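Peer 1: here is a sequence together with a model predicted from it:
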Amino acid sequence: MIRKTLILVSFLLPALYATAQGILEKGLNAVGKGLDDLAEGYFREAVDTSAQARLQLGLLLERHEHFSEAASWLTRADSSAEAMTHLAACQAEQHEWEAAKRSAEKAIELASPADSVLRASAMATLAWTYCIDENYTNALMWAHKAQEQDPTSARVLNVVGIIQFYKGNDNDATQTFRKAINADAKNTDAYFNLGTMYCYRNHYDLAISTLKKGLKVERKSIKLIYCLGWAYLLKGEKQNAVECLETVIKYDSTYVSAYNRLGDIYFDNGEYNRALALYRTATRIAPKQSEAYRLIGRTYAEQNDYGKAIRNYQKAVEINKKDAETYCRIAELYAKQKKPKQEQANYKRAAKLGHTGAQKWCTQHGVAY
């Protein structure tokens with residue numbers, strides 16, 4: 001009986017492979033014709049037996065900004081340089097910086113020296129991860145290496161612009177993001193980065209107009225709609241913000257930041273239970289991201305539930321040990337509970353991370369840090 005089963009399987013495997021290969025080719029043909037929905041259906045049909053189908057599905061989902069699901073399929077693809085390069089990009093988009101760094105390094109290791117486009121993309125992602133760590137020396141080194149590989153790459157230009165922005169060189173960043181748009185008129189990342197920069201600098205009208213220009217290029221860009229919602233929220237136009245953020249969740253139910261910003265709106269309105277429900281959804285989707293835990297902590301603190309606030313703040317700093325501001329929030333709550341040892345320990349941690357307010361507190365209280 002076992003022998004017959006083995007013989008049957010040996011006959012079936014080539015047939016299954018041939019079927020999957022045929023479906024994969026149909027999917028690739030559909031992509032070539034711009035029929036992405038049809039292509040997605042074909043790729044999903046073949047993923048159980050084809051690593052290439054998993055790769056192509058991941059690439060397609062990445063292009064449509066469904067980064068979480070894209071990363072899942074790319075992880076299950078063939079560990080090629082192409083898969084690792086795009087996996088790194090998806091992980092970076094989800095702020096999974098350490099994972100993105102590892103994937104980018106692996107992609108660089110695997111990529112052929114002749115494949116300058118892949119190498120440049122992986123190097124750009126690696127530069128981005130160093131930028132987030134404020135290691136600008138390594139960030140610039142890898143950004144320059146990426147530019148040597150592919151000088152006109154819109155992706156590389158975007159990362160160079162991000163580094164310039166983080167270093168406070170807004171004019172250079174603006175020019176670089178515009179170069180990225182000129183290099184690729186359909187590159188939504190540059191519009192997103194410009195919009196984000198304007199939001200951080202409190203230029204909300206500029207952010208909104210920039211993001212709307214980007215949405216004329218790609219009207220269903222989840223990133224642009226999210227950033228537009230954030231800009232409206234910062235400007236105080238809450239109804240417009242809600243419409244944008246709910247649209248983001250409709251397009252991608254795993255887009256964590258949209259839940260957090262919707263939660264912020266309800267928090268500002270004093271609707272704490274609704275805010276908490278949204279923040280908790282964010283923690284379920286992305287348990288390794290710290291922001292939602294910090295926001296839950298803030299919400300409980302606002303309700304004077306210091307125990308729950310501290311527990312959630314502590315979860316946030318367990319994930320992001322460099323979050324000096326949250327250490328200060330924890331210290332403040334311990335002060336309200338009249339627990340001076342815990343208060344001091346957390347101000348000391350924040351001071352070591354460079355938080356000026358915490359350093360001032362330590363100096364006033366004679367605490368070395």
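Peer 2: Arrived safely, thanks for sending.

Peer 1: tell me which element Lys212 falls in.
Peer 2: Using DSSP states H and E, Lys212 sits within helix 204-217.

Peer 1: what lies in contact with that helix?
Peer 2: 185-186, 188, 190-192, 194-196, 198-199, 221, 224-225, 227-228, 231-232, 234-235 (C-beta atoms under 8 Å, 6 or more residues apart in numbering). Where C-beta positions appear, they are placed from N, C-alpha and C, glycine not excepted.

Peer 1: one more time with 7 Å, if that's ok
Peer 2: 185-186, 188, 191-192, 194-195, 198-199, 221, 224, 227-228, 231, 234-235 (C-beta atoms under 7 Å, 6 or more residues apart in numbering).

Peer 1: go on, stretch 169-188?
Peer 2: Contacts for stretch 169-188 (C-beta under 7 Å, 6+ apart): 152, 154, 157-158, 160-161, 164-165, 190, 193-194, 197, 201, 214, 217-218, 221, 223-224.

Peer 1: could you flag which of the contacts of helix 204-217 are buried?
Peer 2: 188, 191-192, 194-195, 198-199, 221, 224, 227-228, 231, 234-235 (16 or more other C-beta atoms under 10 Å).

Peer 1: per the record, what domains does this structure have?
Peer 2: 13-79, 93-184, 195-245, 255-318, 322-369 (automatic domain parsing).

Peer 1: with mean pLDDT and distance to His86 added, can I get those domains in CSV?
Peer 2: Shown next, in CSV, are these (pLDDT from 0 to 100; distance: least, C-beta to C-beta, whole Å):
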stretch, mean pLDDT, distance to His86
domain 13-79, 86, 6
domain 93-184, 95, 8
domain 195-245, 96, 16
domain 255-318, 97, 18
domain 322-369, 96, 27
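
Peer 1: can I get those domains in a markdown table including distance to Thr85?
Peer 2: Output for the domains of the chain, formatted as a markdown table (distance: least, C-beta to C-beta, whole Å):
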| stretch | distance to Thr85 |
| --- | --- |
| domain 13-79 | 9 |
| domain 93-184 | 4 |
| domain 195-245 | 19 |
| domain 255-318 | 22 |
| domain 322-369 | 27 |
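
Peer 1: where exactly do the strands run in the stretch 101-250 of the chain?
Peer 2: In the stretch 101-250 of the chain, no strands are found when defined by DSSP state E, counting those that start in this stretch.

Peer 1: now the helices for it?
Peer 2: Counting by DSSP state H, counting those that start in this stretch, the segments of the stretch 101-250 of the chain that form helices are 116-132, 136-149, 154-166, 170-183, 188-200, 204-217, 222-235, 238-251.
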